[in-house]
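A.B. asks: I'd like to go over a predicted model; first the sequence, then the structure.
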Amino acid sequence: MKRVSRSPINHLGRDVTDKIPLWDDVPGLVKMGERDARIWELVTPYLQTRDNDVHSLYSFSMAAQLCRLYPEADEHIVLPAIIMHDSGWSTVDEETAFQAIAPGRDGTYTWAVIQHEKEGARIAREILEQIDYAPADIDEICAIIDGHDTRLTSLSLNDSLVKDADKLWRITPHGIDVAMPRFGLERAESLRINGIRAYEKVLFTEHAKSMSLAIMAIESMDLSQQMADMQERGRANVTTTEW
Ligand SMILES: [Fe+2]
Ligand SMILES: [Fe+2]
């Protein structure tokens, strides 16, 4: 991602750094807490296939927002579940995993999808036992992970938030970008193919639907003719995300 270095003095000759609030004082900014950072550290070795580590981070951020919006959900269930949900792909070879998730798949590789869910639940259990998580919480997290893709119904609000956060990733810049080389798509095609798999009717919660519409609106404008025209003219301050 593009990072811009700056001087504390802006073009008006003023230093605005004392106007910048602390990270924790800005509603909506996300940061992993100590518990989740520990889980992340333990599960990272199992997330090295197909960008699953980055996918899990962005899905975590979506889940964290959903937990804010649904305070009645249990963040100590939702957040560990989303961090570890795809760890089971580490037990499936990459080519098989691609076949299993490709658009237009015919079900031949459904066994691999089920394997990643079951193995993910097993890995999550091992990690949670290692950090002395409460047994009932471990059972709930593992039940959510086991079936998170193939179970089309939701077990609970906690399960709904995990499922929605997982799907919302598809329309993030990273989700769109990784699908392009993977399936031979242009960016706009990738947005469309991922968008139809993360739009309001396939999401469980109302807040996730709103988040999906907002993200898709931004992605749509990034891909619009008007934005392309401005970039072609070398218009300053056209800051679409650069990955
Ligand atoms: Fe998955
Ligand atoms: Fe996932």
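C.D. replies: Structure received. Ligands and ions are numbered 1, 2, ... in the order given.

A.B. asks: excluding chain neighbours, what is closest to Arg122?
C.D. replies: Gly88 (7.4 Å; C-beta to C-beta, 6 or more residues apart in numbering). C-beta coordinates here come from the backbone N, C-alpha and C atoms, glycine included.

A.B. asks: I'd say Gly147 and Val113 touch.
C.D. replies: No. If you go by C-beta atoms under 8 Å, Gly147 and Val113 don't touch, sitting 9.9 Å apart.

A.B. asks: which one's more surrounded, these two?
C.D. replies: Of the pair Gly147 and Val113, Val113 is the one with more neighbours under other C-beta atoms under 10 Å, namely 21 against 18.

A.B. asks: that one is in contact with Ile101, isn't it?
C.D. replies: Yes. If you go by C-beta under 8 Å, Val113 and Ile101 touch, sitting 7.5 Å apart.

A.B. asks: one step back: next up, the contacts around the residue nearest to Arg122.
C.D. replies: Applying C-beta atoms under 8 Å, 6 or more residues apart in numbering to Gly88 gives the contacts 46, 115-123, 145.

A.B. asks: out of the residues you listed, who has the most neighbours?
C.D. replies: Counting neighbours by other C-beta under 10 Å, Ile145 leads the contacts of Gly88 with 29 neighbours.

A.B. asks: pLDDT score for that residue?
C.D. replies: At Ile145, the model reports a pLDDT of 98.

A.B. asks: give me every residue in the chain lying close to ligand 1.
C.D. replies: The chain has residues 86, 149 near ligand 1, with proximity defined as C-beta under 5 Å from the ion.

A.B. asks: in the chain, where is pLDDT below threshold?
C.D. replies: The model of the chain has pLDDT under 70 over residues 1-9, 200, 236-243.

A.B. asks: do that again at 80, thanks
C.D. replies: Along the chain, the parts satisfying pLDDT under 80 run over 1-14, 103-107, 182-183, 197-201, 234-243.

A.B. asks: distance of Asp132 relative to Arg38?
C.D. replies: Per C-beta to C-beta, to the nearest Å, Asp132 is found 11 Å from Arg38.

A.B. asks: show me what the lengthiest helix in the chain is packed against.
C.D. replies: When the chain is parsed with DSSP state H, its longest helix is helix 110-130. With contacts taken as 3 or more C-beta pairs under 8 Å, 6 or more residues apart in numbering; DSSP states H and E, helix 110-130 sits against helix 34-43, helix 75-84, helix 94-101, helix 135-145.

A.B. asks: and it with ligand 2, contact?
C.D. replies: No. Remark: helix 110-130 sits outside contact range of ligand 2, by C-beta under 5 Å from the ion, the gap being at least 9.1 Å.

A.B. asks: just give me how far that helix sits from the chain centre.
C.D. replies: Averaging C-alpha positions (C-alpha atoms, centre = their mean, to the nearest Å) puts helix 110-130 18 Å from its chain's average.

A.B. asks: start at 45 instead
C.D. replies: Happy to do that; since the first residue is 45 now, the last one works out to helix 154-174.

A.B. asks: what's in contact with that helix?
C.D. replies: Contacts for helix 154-174 (C-beta under 8 Å, 6+ apart): 83, 86-87, 90, 124-125, 128-136, 140-141, 143-145, 181-182, 185-187, 189-194.

A.B. asks: I am finished for the moment; much appreciated.
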